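1. Here is a sequence with its predicted model. Questions after.
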Protein chains: 4
Amino acid sequence: MIIVLKPKVTRSQVEAVIREVRKLGYKPHPIIGVERTVVAAIGDERAHHTLETLTSMPGVDQVMPVQRRYKLVSRESRLGGTKGSLITVNGHVFGGPKFQVIAGPCSVESEKQILETARAVQKAGATFLRGGAFKPRTSPYEFQGLKEEGLRLLARAREETGLGMVTEVLSEGDVGLVAEYADILQIGARNAQNFALLIAAAQTGKPILLKRGMNMKIEEWFLSAEYILSHGNPNVILCERGIRTFETLTRNTLDLGAVALAKMETHLPVIVDPSQGAGRTDLVGALCKASPAVGADGLLVEVHPNPKEALSDGAQQMTLQQFSRMMTELKPFIRAANRR
Amino acid sequence: MIIVLKPKVTRSQVEAVIREVRKLGYKPHPIIGVERTVVAAIGDERAHHTLETLTSMPGVDQVMPVQRRYKLVSRESRLGGTKGSLITVNGHVFGGPKFQVIAGPCSVESEKQILETARAVQKAGATFLRGGAFKPRTSPYEFQGLKEEGLRLLARAREETGLGMVTEVLSEGDVGLVAEYADILQIGARNAQNFALLIAAAQTGKPILLKRGMNMKIEEWFLSAEYILSHGNPNVILCERGIRTFETLTRNTLDLGAVALAKMETHLPVIVDPSQGAGRTDLVGALCKASPAVGADGLLVEVHPNPKEALSDGAQQMTLQQFSRMMTELKPFIRAANRR
Amino acid sequence: MIIVLKPKVTRSQVEAVIREVRKLGYKPHPIIGVERTVVAAIGDERAHHTLETLTSMPGVDQVMPVQRRYKLVSRESRLGGTKGSLITVNGHVFGGPKFQVIAGPCSVESEKQILETARAVQKAGATFLRGGAFKPRTSPYEFQGLKEEGLRLLARAREETGLGMVTEVLSEGDVGLVAEYADILQIGARNAQNFALLIAAAQTGKPILLKRGMNMKIEEWFLSAEYILSHGNPNVILCERGIRTFETLTRNTLDLGAVALAKMETHLPVIVDPSQGAGRTDLVGALCKASPAVGADGLLVEVHPNPKEALSDGAQQMTLQQFSRMMTELKPFIRAANRR
Amino acid sequence: MIIVLKPKVTRSQVEAVIREVRKLGYKPHPIIGVERTVVAAIGDERAHHTLETLTSMPGVDQVMPVQRRYKLVSRESRLGGTKGSLITVNGHVFGGPKFQVIAGPCSVESEKQILETARAVQKAGATFLRGGAFKPRTSPYEFQGLKEEGLRLLARAREETGLGMVTEVLSEGDVGLVAEYADILQIGARNAQNFALLIAAAQTGKPILLKRGMNMKIEEWFLSAEYILSHGNPNVILCERGIRTFETLTRNTLDLGAVALAKMETHLPVIVDPSQGAGRTDLVGALCKASPAVGADGLLVEVHPNPKEALSDGAQQMTLQQFSRMMTELKPFIRAANRR
């Protein structure tokens, strides 16, 4: 930690800071600058007590950490070897040369809907089926999902098509149930700092698809992943899905720089969700095609046989035809990124 | 709903929209404008299927809701009478003429710490004690709270001082336990859209202090409260605690306009948390004093006997002396707002 | 500056950084930590070359400044004495015990409109009249102001009422003209980093009301003021007018914490513009009343005799009656802040 | 416009709204809904007085425009034909099949620096040279550019290499001078709503590279372009350069969805500036490669022979070698987008 003192700090204030640094388990190292004095506090910032509390001392202006707060997810941890982690689910590998596409409706609505979608996305080249059985909805009056019936329908579609299956879990109480059905548990943006849920999901041992919260700094996203790894589950797939900004023509602002950064800083696979990212179908194709270039390992795309009657998020779901066309257009961009 | 069609829409596209509107249970009402055609869809937007899905139709440019999405929390619902809801906890009324102050440390750390704080804040005029027993921490390596032991210490401090007790619940699994001890259950900013937790907390029947999520639009905050009311619990106290913006000198940006708006739009009591809002002690006093003017019914303030050694958020906790001085300075502002 | 090196930095990388630090005119001071090495670079960060460029060196992780970038606006500069600067305009003092209220329409539209407004706001207690003669409008098709005719009408209203006069200058080319008429030159939010305009306005010697840009960090706002002071004009009044956030129910989010911070960090008077801050009349009164508590020295309020026919921003202008009522309600809050 | 009335509006309030709508030149069309009454106001929203002022009337809840506010930049205007505008500068076409790359240092610092850069970027495939002669700097103490000397050095580099030349103009007073030298005038992010500068630049007739302001909604960006077109200059190249968000690991958040949207909504060429967008060299390459996929017509990239001693923004400038490698890696992505 670097503790920056105020411009007109007194000698006794400096000494008080030094004493406190030592008391909290660090080795203090004062440096007298031209306008400022700083105290470097040497010690492991994760192991010891944080020093940010020192900003409450009279002479202290700010405290600046110099160390990464995450460890296990860090690329330096070498947990994923030199090339990053490979996470194999249902015979498909996330993080390797193959670019994985997860597709399906926002919500599972009926057997017909999910089977029709599953067949179409498989034919177009997707390897995983997504679909919400438990839906987090802003309003209590909106469709909340088919719940266990939705899981059963997803399982049926998996059985028929052989696609892997990804679905969101909303509640600690449902983790066991969802884990019985799903190949990958999705933690949604609104729950990305629901630490109780992260831990419960981690403990199932299932691969976790962790969305970035819409208000989450990149470092916080990594720290949420760190919760999962530090609870014994190394199989985390990060998913960038756009952040909330002042823009109103799009639902969120997709942060593709964060994907490049996550690939550089962590050893985890990273995928992109342009459906949530843009919130409007007419932009989804372009953002899908941009994803391989920033190092993404795959996509999560919302697809519905009849978006105009979808029970949720119709504005951002592609039709089966749109999805199929996008998958064709996507290929040269995947090849350009030396993926397949 | 108002469905705005694209500038060069064809007649058959207009007809398709009209048919779909009717099919989804609304009465369509087309209006031909100078540059645009719009279709007004008459019907209850909450009861029927949302029409936002229509943006996936070829001729549709945008769909604009015209109705509030919340009902029970709305001032128009008259659930709080003409003057707004009064929520009585432990003999103290939120929403009435008395301005309530909830104070205490970010985390409960020891018996000595919590008792010393409880006595001091009571003496200074606080009516409730706050303290975190279960702590939501960005990093898994940070102090996670004393858990049940923390609850016991809070109860002991309540017993001694007679203060009411507010504490956060993080996990559906802990709702029962926390409700045994607490007078008010706090839902934190990170869980403000953890709908499973909102419902579990609602079902205890306990008053709920609902913080605004750091990324939450005001309407979404009201809708989270609507989850609680629609699950049978009318005792919600809203708490503005700052939103996340681009500013970096403060931890969050306290949105006092949102407090005025919440008082106008809902019948619920609203309090302000300037400690989280600013994230730095030197601004907390000023923001406390501004709160009565915007119609706030009270404050939630972080106070610690020794912030520089606090186990969490030391930078934003007032000392006992700072709190006591602030309470004195606060009085004329409370009176100016015709409160006491 | 503190230069934080990467975790696995080599010895020769450290040496290269040290050489570069020395070359750029600083004295390097390396500190070997547990996980990280940092190099403290001692020197005046404003006088010398910035070191942020060092992040382009192989071993460097980040570069952290420790010094304030502003000097003249800083309270430590003592340019405003121990109590802060007093700026006297037209016999009224900004920064002293008197709370100043500037009021008037968004745009000057006619002689009748501006005279009627001037008389009413003066009667209600305002000391300055505002009104836009040159209007910055998002769209080229919107009303752009009466230009010099608007200035003449403002001058006539001043003559009749004795109110001081504040008006915005949009263009370097108009600075001379506007300065002939106005008592205070306003720099609007969109021009708060239009450095050419800041310098031109500074050189008139007139007091400058500097709005915070809607996207401006507090430090950047101070630095824009520093441009004016460093070009020889010490008479800057800062004006907080809300920042752009994700919220959509209000036009901006008024940042009252920034006002408290500006009073603490700088010696300049600070006023609040709740009309722009909220963008809706029904919140303006509450935010006006909150302003004295955070240390504001005054208000800038939009008032119009007939907002529903205003040529700009009708949604946020108070009627004459609303303004007069607000001024009455404001008084106890001004007194509570020990102002008059 | 759609005027949404409040839930419990009275008959006379509705009538007052209808009268006012008519008075302001629109044809009113009331529709009685289940919970709400709305009044559709038929008329050209650009030609007539805006109706947003009606929100100041007692019965009005909100006013929603249904029409685009921009006209000339709109793809529907057909000003760019069916395929969008082609802007030819110095023999190179923006908006056509060729993907244009503009490269060069943040600031022009010396003859050696600019010539070395110009030769290297040309060799790597760039068609335009950029370089700041007038620099907008947050602090008055930072390097403000070589001014006219910088323009002369850029012209010399152009002469030698045949590259086109792009440079920023900061001040209305310098527009004439900069236009004498530059092939394209750049309007920077901080001046994107400096309407006086936009108009002055438009009137030179030179092509304008218009950056999106860091706080600018997409619609506002289009409206700033509309200022230029409506002042007689159709040669606008839009440039997305990242928006300001809460993220701190990157300087801005590059909004590639906005590029796709700009290509869809307007007929103007659109390029991407990933150097400003990310603010850190290690992400620039990935974002360059993502740009062709979203429909960008080119790139603006900061390149410097020795970033660690750059006089501005060293953290985000590529070295000549990094740029050359990026250009090679970029090619397959350009081809994947059917560009060359």
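-> Received, thanks.
2. For A:T167, which non-adjacent residue is closest in space?
-> Spatial nearest neighbour of A:T167, excluding adjacent residues (C-beta to C-beta, 6 or more residues apart in numbering or on different chains): A:A182 at 4.8 Å. Using the backbone N, CA and C atoms, a C-beta is placed for each residue, glycine as well.
3. Torsion angles phi and psi at that neighbour?
-> phi -80, psi 150 (degrees, to the nearest 10).
4. what sits against it?
-> A:A182 makes contacts with A:L151, A:L154, A:M165, A:V166, A:T167, A:V169, A:K206, as judged by C-beta atoms under 8 Å, 6 or more residues apart in numbering or on different chains.
5. Report the buried members of these.
-> A:L151, A:L154, A:M165, A:V166, A:T167, A:V169, A:K206 (16 or more other C-beta atoms under 10 Å in any protein chain shown).
6. now, which of those lie within helices?
-> A:L151, A:L154 (DSSP state H).
7. quick check, nearest of the buried ones among the contacts of A:A182 to B:P65?
-> A:T167 (28.5 Å; C-beta to C-beta).
8. my guess is the closest one meets A:A179, correct?
-> No - with contacts counted by C-beta atoms under 8 Å, A:T167 stays clear of A:A179, the gap being 10.1 Å.
9. Quick check: neighbours shared by those two?
-> Residues touching both A:T167 and A:A179 (C-beta under 8 Å, 6+ apart): A:L185.
10. does the residue in the stretch 151-300 of chain A that chain B sits nearest to sit in a helix, a strand or a coil?
-> Nearest to chain B, among the residues of the stretch 151-300 of chain A, is A:N215, at 2.9 Å (C-beta to the nearest C-beta). Three-state assignment for A:N215 (DSSP: H, G, I helix; E, B strand; the rest coil): coil.
11. Neighbours of it, how many?
-> A:N215: 23 surrounding residues under other C-beta atoms under 10 Å in any protein chain shown.
12. That one and A:R244 touch, don't they?
-> Yes - A:N215 lies in contact with A:R244 (C-beta under 8 Å); the separation is 5.8 Å.
13. joint contacts of these two?
-> Joint contacts of A:N215 and A:R244 (C-beta under 8 Å, 6+ apart) are B:N215.
14. ok, A:E219 to A:A258 distance?
-> From A:E219 across to A:A258, the span is 11 Å (C-beta to C-beta, to the nearest Å).
15. out of those two, which sits in the busier spot?
-> More neighbours surround A:A258 than the other of A:E219 and A:A258, with 28 against 17 (other C-beta under 10 Å).
16. and the closest residue in space to A:L299 that isn't next to it in sequence, helix, strand or coil?
-> The spatial neighbour of A:L299 that comes closest, neighbours along the chain excluded (C-beta to C-beta, 6+ apart), is A:V101 at 5.0 Å. Classification of A:V101 using three-state DSSP returns strand.
17. How about the contacts made by A:V101?
-> A:V121, A:G125, A:A126, A:T127, A:F128, A:G298, A:L299, A:V301, A:M327.
18. ok, the residue nearest the centre of chain A to B:K206 distance?
-> Centroid check for chain A by C-alpha atoms, centre = their mean gives A:K211 as the closest residue, at 3.1 Å. Distance of A:K211 to B:K206, given as C-beta to C-beta: 31 Å.
19. How about A:A286, nearest residue that isn't a chain neighbour?
-> The nearest residue in space to A:A286 (C-beta to C-beta, 6+ apart) is D:A260, at 3.8 Å.
20. What of A:Q276?
-> A:R241 (4.2 Å).
21. can I assume the one you found is in contact with A:K211?
-> Yes - in this structure A:R241 lies within contact range of A:K211 using C-beta under 8 Å: 5.0 Å.
22. list the residues that contact both of these two?
-> In contact with both A:R241 and A:K211: A:A189, A:D273, A:Q276, using C-beta under 8 Å, 6+ apart.
23. re earlier: please convert the buried members of the contacts of A:V101 into PyMOL selection syntax.
-> Selecting the buried subset of these in PyMOL, with 16+ other C-beta under 10 Å as the burial test, is done by:
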select buried, chain A and resi 121+126+127+128+298+299+301+327
